[in-house]
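following is a predicted model, sequence given first.
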Amino acid sequence: MKLNWKPWWWFFHKHHQLLVKLSVSILLLGLTLRLLFSKSTGFSNVAETPFIEKTMSSEPPVLIDSSPIEKTMNPEPQVSVDFMEDSDQIPRSEKLKAEKCDLFTGDWIPNPSGAVYSNESCHLIESHQNCLKNGRPDTGYLYWRWNPRDCELPQFDSEKFLELMRDKTWALIGDSISRNHVQSLLCLLSEVEPAIEVYHDAEYRSKRWHFPYYNFTISVIWSPFLTKAAIFENYDGVSTSEIELHLDKLDTTWTDLYGGLDYMIFASGKWFIKTAIYYENDIILGCHYCPKRKLPELGFNFAYRKVLKNLFNFIITSNHKGMIFYRTTSPDHFENGEWFSGGTCRRTTPVKEGESQLNSLIKILRDVELEEFDKAAAIASEKGVNLKLLDLMELSLLRPDGHPGPYRHDHPFSKNKNAKVINDCLHWCLPGPIDTWNDFLMEMIVNG
């Protein structure tokens, strides 16, 4: 059937002018109503540019949805008003969730609250590290805390730590710096429950403490080389003969206890700088600095590398299910000489990055331990062994003010203001910067 379009065309043609007038009237009415609505609601030019307002505002970033008119005038895709991850608008806790923070890069900042414990509240501090009791006159070194640049480092929580360590065993294995560290840890924990000493060796260098309520045991095991050694040296460091070091035989003082320990911190380093004869398979290989003997000079870095290889191999093949740390060598801050030649450490405040240089011999030790740890960590990860690096060197290097100095001794200048005394610029005052080491320890245990 053929459609007849004429009636429709004729209607449109006849009423064309009327339709145009009606359309214009509707358009004018719409514009009038929009103007009246704008005045009554108080819209402004700023309100129509929300990016400026939101950028200046301290409120959290929000998603801006354009009005229908804005979409007509600017047909670009919808955008989110957000900030880069590094913006100060993002809470530091949120940054931590996004990616792991480098806890070891930061600055020492003032801490008005000071130390958690005092030399009077803690009775486990050895006299050589009890700086305040020995007469150190300044106390400014107690009022600083470490502040990572990209996130926060929570302060050590003694009660939480003890709860986590219920029915566990710890051991810090190494030299006198490990003993210095364990005293710091014990002083913090004893604020919750007093530590009870349950063992010590004949020379009081290896000790063990127990926290009965938590059934938690912590030990310090004296093993300065981590390997079998014959040492002919008194408590003041005076030797009667060269050290005899067996590079291929780990020290049974700690290996015999290894299987029963849940957590361990190994550390060594500085003792390897001492004069020593090196053995392997009970045969002399050579030595380090033994001019009176006709032996090959092998160097202390040779011995340190051999021992660390042996140590890490033992750890990796042990199938140990606990957590094992290797703490890097700590710095000393002797100025104008060494401990035996009048060196001192008289600074009373932290220094900035780059203002304190690492001793060249310690730098050699550090290079060796970082290289050997990296090799071991890759294999440990494959085998499921939980091996971690506790690298406290850089932040400790910035604290030349934290050592006993002359106050290793009891009131050294009480009788003579110009008395010449040996300074201790290696160990740390308690309380002092070494307490911060435990903040790192806990954070690494809790958040891995």
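Structure's in. What do you need? Residues are numbered from 1 along each chain as shown.

gap between the two ends of stretch 278-293?
Distance across stretch 278-293, first residue to last, is 12 Å (C-alpha to C-alpha, to the nearest Å).

sorry, that was for stretch 373-391
From its first residue to its last, stretch 373-391 covers 11 Å (C-alpha to C-alpha).

equivalent analysis for stretch 191-201, please.
OK, stretch 191-201 end separation, C-alpha to C-alpha: 26 Å.

could you list the buried residues of it?
Val192, Glu193, Ala195 (16 or more other C-beta atoms under 10 Å). The C-beta positions use only the backbone N, C-alpha and C, and glycine is treated the same way.

could you do stretch 214-233 as well?
Residues of stretch 214-233 classed as buried by neighbour count (16+ other C-beta under 10 Å): 214, 216-229, 231.

quick one: which of those is nearest Leu426?
Pro224 (12.9 Å; C-beta to C-beta).

distance of the closest one relative to Tyr304?
Computed as C-beta to C-beta, to the nearest Å, the Pro224 to Tyr304 distance reads 12 Å.

need the residues touching each of those two.
Counting by C-beta atoms under 8 Å, 6 or more residues apart in numbering, the common neighbours of Pro224 and Tyr304 are Ser268.

how distant is stretch 222-229 from the center of its chain?
Distance, stretch centre to chain centre, for stretch 222-229: 26 Å (C-alpha atoms, centre = their mean, to the nearest Å).

contacts for it next, please.
For stretch 222-229, using C-beta under 8 Å, 6+ apart, the contacting residues are 173-176, 179, 201, 203, 205-206, 231, 243-254, 266, 268, 271-272, 307, 310-311.

what is the mean pLDDT for stretch 134-154?
Stretch 134-154 comes out with an average pLDDT of 96.

got the buried residues for it?
Buried-residue list, stretch 134-154, by 16+ other C-beta under 10 Å: Asn134, Arg136, Tyr141, Leu142, Trp144, Arg145, Trp146, Pro148, Cys151, Leu153.

can I get those residues in TSV including secondary structure and distance to Asp424?
Output for these, formatted as TSV (DSSP: H, G, I helix; E, B strand; the rest coil; distance: C-beta to C-beta, whole Å):
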residue	secondary structure	distance to Asp424
Asn134	coil	10
Arg136	coil	11
Tyr141	helix	14
Leu142	helix	18
Trp144	strand	20
Arg145	strand	24
Trp146	strand	22
Pro148	strand	29
Cys151	coil	34
Leu153	coil	27
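
what ranges does the stretch 301-448 of the chain have for its strands?
323-327, 386-390 (DSSP state E, counting those that start in this stretch).

now, among the buried residues of stretch 134-154, which is nearest to Cys287?
Of all the buried residues of stretch 134-154, Cys287 sits closest to Asn134, with 37.4 Å by C-beta to C-beta.

name the nearest residue to that closest one, ignoring sequence neighbours.
Of all residues not flanking Asn134 in the chain, Tyr407 sits nearest, at 4.3 Å (C-beta to C-beta, 6 or more residues apart in numbering).

surely that neighbour touches Thr139?
No: counting by C-beta atoms under 8 Å, Tyr407 does not reach Thr139; the two are 12.0 Å apart.

can you list the weak-confidence ranges in the stretch 1-150 of the chain?
1-99 (pLDDT under 70).

could you do the stretch 201-350 of the chain as well?
236.

show me the helices in it, by range?
252-255, 300-317 (DSSP state H, counting those that start in this stretch).

could I get these as JSON lines with mean neighbour count and distance to Trp339?
As requested, those are arranged in JSON lines below (neighbours: other C-beta atoms under 10 Å; distance: least, C-beta to C-beta, whole Å):
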{"stretch": "helix 252-255", "mean neighbour count": "16", "distance to Trp339": "26"}
{"stretch": "helix 300-317", "mean neighbour count": "20", "distance to Trp339": "17"}
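
isn't Trp339 right next to Cys425, touching?
Yes: contact between Trp339 and Cys425 holds when scored by C-beta under 8 Å: they sit 7.1 Å apart.

okay, the two: which has more neighbours?
Higher neighbour count among Trp339 and Cys425: Cys425, with 25 against 16, using other C-beta atoms under 10 Å.
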